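K.L.:
coordinates only, sequence not included:
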């Protein structure tokens with residue numbers, strides 16, 4: 001059987017264009033794109049129509065030239081409900097909290113012909129959720145989880161169009177599948193090897209899902225009083241994600257919370273028979289490195305063995321060392337690139353004229369809610385995770401009260417995700433023995 005013959009990408013963001021090019025260029029797949037009606041998707045679809053379905057990937061760094069190119073999208077669907085044809089592979093390139101809604105929008109006849117689903121940037125438990133839903137249409141369905149999207153891709157201009165720009169490629173990403181070993185996974189490894197990207201295969205999907213740095217750093221960075229007060233417009237002065245207080249949220253106590261949350265997640269995954277990871281090593285080797293003058297290799301390697309106060313100190317040093325990009329070229333005045341000046345976004349009026357919450361922390365709330373649910377199932381205490389979620393929920397409710405005359409998006413009311421959690425629990429019932 002030919003693998004990845006007909007590939008349907010679900011989602012209309014810039015990552016969709018890059019992924020579609022990789023499958024078309026390397027595997028000669030038939031590539032379709034489906035989305036949902038919105039102001040942004042309309043601009044994307046309109047651009048596709050104007051250019052005869054031709055899309056183009058540009059690169060910022062010459063060493064990523066294998067990622068650039070153009071291709072004609074074979075099929076375009078303006079709504080998920082409109083999808084027709086036979087698709088052996090679905091690629092979910094939407095936010096994790098939208099997985100179930102997107103799959104439910106597709107006709108059952110489409111889902112019955114699907115052989116595999118790829119999750120581009122899932123959270124802990126996403127594979128359980130998607131696998132549970134898809135098994136009713138194909139009991140042999142294969143669901144693959146990447147640890148995260150392998151690059152940084154954005155629209156070439158500020159507005160959605162048929163052109164995107166890939167500015168960075170990760171050194172390594174991880175993948176896990178419900179089938180092990182898997183011919184489809186091997187095919188993907190070869191695909192991305194041709195593109196100079198290293199993929200490490202994990203024995204289970206959830207093990208790959210633990211290798212997403214956002215799980216460990218986004219909740220403490222966004223679900224604290226400094227960030228939340230600015231996000232929900234209680235504080236007017238601009239705050240920055242990676243800056244030290246008062247310009248940003250980073251304090252020694254935030255590092256303590258980051259450390260404690262990591263420990264709670266490690267306790268959860270150990271009960272799922274997943275090997276614990278070294279947080280500092282993961283930050284500096286799989287994500288963004290710092291100079292050895294700031295963090296020694298010895299300290300990085302023995303991070304898990306150190307006492308808590310030493311670990312907190314090293315995490316603080318890591319963030320302090322990234323206030324500037326330590327590997328950028330200094331200007332004539334000796335100033336390095338202001339790496340930490342990533343502005344935190346506030347609540348905003350979306351394209352549907354609703355007050356909405358930025359993706360960070362909205363998607364991070366969903367991710368953490370799933371982790372909390374798994375912790376509850378495994379009877380594993382997670383007081384730091386509970387604290388983050390409660391802090392976010394309190395701000396959402398307070399903002400909703402003050403702005404009850406405004407039109408608010410579902411992000412202000414959909415805070416339980418009971419159906420998603422129920423499906424994850426049903427999968428856990430089949431695969432996990434409580435300790």
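P.N.:
That came in fine, so what should we check first? Everything numeric here is computed off the predicted structure, so don't read it as measured data.

K.L.:
tell me the SS of residue 87?
P.N.:
coil (DSSP: H, G, I helix; E, B strand; the rest coil).

K.L.:
neighbours of it, just the number please.
P.N.:
Burial measure for residue 87: 24 neighbouring residues, criterion other CB atoms under 10 Å. In this view, the C-beta of every residue, glycine as well, is placed from N, C-alpha and C.

K.L.:
Contacts only, for it.
P.N.:
By CB atoms under 8 Å, 6 or more residues apart in numbering, the contact set of residue 87 is 6, 7, 8, 32, 110, 113, 114.

K.L.:
Mind giving me the ChimeraX command for buried ones among those?
P.N.:
Only the buried members of the contacts of residue 87 enter the following ChimeraX selection, criterion being 16 or more other CB atoms under 10 Å:
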select :6,7,8,32,110,114
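
K.L.:
I'd like the contacts of residue 87 as TSV, with pLDDT, secondary structure and distance to residue 418 appended.
P.N.:
Converted to TSV, the contacts of residue 87 look like this (pLDDT from 0 to 100; DSSP: H, G, I helix; E, B strand; the rest coil; distance: CB to CB, whole Å):
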residue	pLDDT	secondary structure	distance to residue 418
6	98	strand	34
7	98	strand	32
8	98	strand	28
32	98	strand	32
110	98	helix	26
113	97	coil	30
114	98	coil	26
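
K.L.:
Tell me which residue lies nearest the centroid of the chain.
P.N.:
With distances taken as CA atoms, centre = their mean, residue 121 lies nearest the centre of the chain, 4.0 Å away.

K.L.:
Next, the contact list for that residue, please.
P.N.:
For residue 121, the contacting residues are 96, 146, 148, 149, 212, by CB under 8 Å, 6+ apart.

K.L.:
Can you verify my assumption that the last one contacts residue 126?
P.N.:
No - the pair residue 212 and residue 126 fails to qualify as a contact (CB atoms under 8 Å) at a distance of 10.1 Å.

K.L.:
hmm, back to that, for residue 419, state which of the contacts of residue 121 is nearest.
P.N.:
Among those, residue 96 lies closest to residue 419 (CB to CB), at 14.2 Å.

K.L.:
So what's the residue count around the closest one?
P.N.:
Using other CB under 10 Å, the number of residues around residue 96 comes to 25.

K.L.:
now residue 224
P.N.:
Residue 224, neighbours per other CB under 10 Å, totals 22.

K.L.:
nearest residue to it other than its sequence neighbours?
P.N.:
Leaving aside its sequence neighbours, residue 224 sits nearest to residue 249 (CB to CB, 6 or more residues apart in numbering; 5.0 Å).

K.L.:
how about stretch 358-371: buried residues?
P.N.:
Buried residues in stretch 358-371 (16+ other CB under 10 Å): 358, 360-371.

K.L.:
how about those in a markdown table, adding secondary structure and distance to residue 64?
P.N.:
As requested, the buried residues of stretch 358-371 are exported to a markdown table (DSSP: H, G, I helix; E, B strand; the rest coil; distance: CB to CB, whole Å):
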| residue | secondary structure | distance to residue 64 |
| --- | --- | --- |
| 358 | coil | 28 |
| 360 | helix | 25 |
| 361 | helix | 30 |
| 362 | helix | 30 |
| 363 | helix | 26 |
| 364 | helix | 28 |
| 365 | helix | 32 |
| 366 | helix | 31 |
| 367 | helix | 28 |
| 368 | helix | 32 |
| 369 | helix | 35 |
| 370 | helix | 32 |
| 371 | helix | 33 |
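
K.L.:
which neighbours do residue 212 and residue 126 share?
P.N.:
By CB under 8 Å, 6+ apart, residue 212 and residue 126 have no common neighbours.

K.L.:
now stretch 315-335: mean pLDDT?
P.N.:
Stretch 315-335 comes out with an average pLDDT of 95.

K.L.:
now it, how far from the centre of its chain.
P.N.:
When C-alpha coordinates are averaged (CA atoms, centre = their mean, to the nearest Å), stretch 315-335 and its chain have centres 26 Å apart.

K.L.:
which parts of it are buried?
P.N.:
Buried, per 16+ other CB under 10 Å, within stretch 315-335: 315, 316, 317, 318, 319, 321, 322, 323, 326.

K.L.:
ok, the last one - contacts?
P.N.:
Residue 326 makes contact with 290, 291, 294, 336 under the criterion CB under 8 Å, 6+ apart.

K.L.:
If you rank those residues by neighbours, which is first?
P.N.:
residue 290 (18 neighbours).

K.L.:
Distance of that residue relative to residue 284?
P.N.:
6 Å (CB to CB, to the nearest Å).

K.L.:
Over to residue 182?
P.N.:
Distance, residue 182 to residue 284, using CB to CB: 30 Å.

K.L.:
where exactly do the helices run in the stretch 151-300 of the chain?
P.N.:
183-193, 205-209, 214-222, 225-231, 252-270, 279-281, 297-301 (DSSP state H, counting those that start in this stretch).

K.L.:
what's the first one packed up against?
P.N.:
This points to helix 183-193. When contacts are defined as 3 or more CB pairs under 8 Å, 6 or more residues apart in numbering; DSSP states H and E, helix 183-193 packs onto helix 14-27, strand 142-146, strand 172-177, strand 198-201.

K.L.:
Same list (these) but as CSV, adding mean pLDDT and mean neighbour count.
P.N.:
What follows is the helices and strands packed on helix 183-193, written out as CSV (pLDDT from 0 to 100; neighbours: other CB atoms under 10 Å):
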stretch, mean pLDDT, mean neighbour count
helix 14-27, 97, 22
strand 142-146, 98, 26
strand 172-177, 95, 22
strand 198-201, 94, 16
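
K.L.:
With respect to residue 207, which of those lies nearest?
P.N.:
Of those, nearest to residue 207 by CB to CB is strand 172-177, at 5.3 Å.

K.L.:
give me the low-pLDDT residue ranges for the stretch 251-400 of the chain?
P.N.:
Scanning the stretch 251-400 of the chain for pLDDT under 70 picks out nothing.

K.L.:
residue ranges for the strands of it, please.
P.N.:
Using DSSP state E, counting those that start in this stretch, the strands assigned to the stretch 251-400 of the chain run over residues 348-349, 355-356.

K.L.:
rewinding a little: spit out the residues that contact residue 290 and residue 284 alike.
P.N.:
Joint contacts of residue 290 and residue 284 (CB under 8 Å, 6+ apart) are residue 318.

K.L.:
the domain parsing of the protein - what is it?
P.N.:
6-208, 214-431 (automatic domain parsing).

K.L.:
Pick the most deeply packed of those.
P.N.:
Highest mean neighbour count among the domains of the chain (mean count of other CB atoms under 10 Å): domain 6-208, with a mean of 19.

K.L.:
follow-up on the earlier one: take the contacts of residue 87 and write them to CSV, including distance to residue 208.
P.N.:
CSV is the format used below for the contacts of residue 87 (distance: CB to CB, whole Å):
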residue, distance to residue 208
6, 24
7, 20
8, 22
32, 25
110, 26
113, 26
114, 20
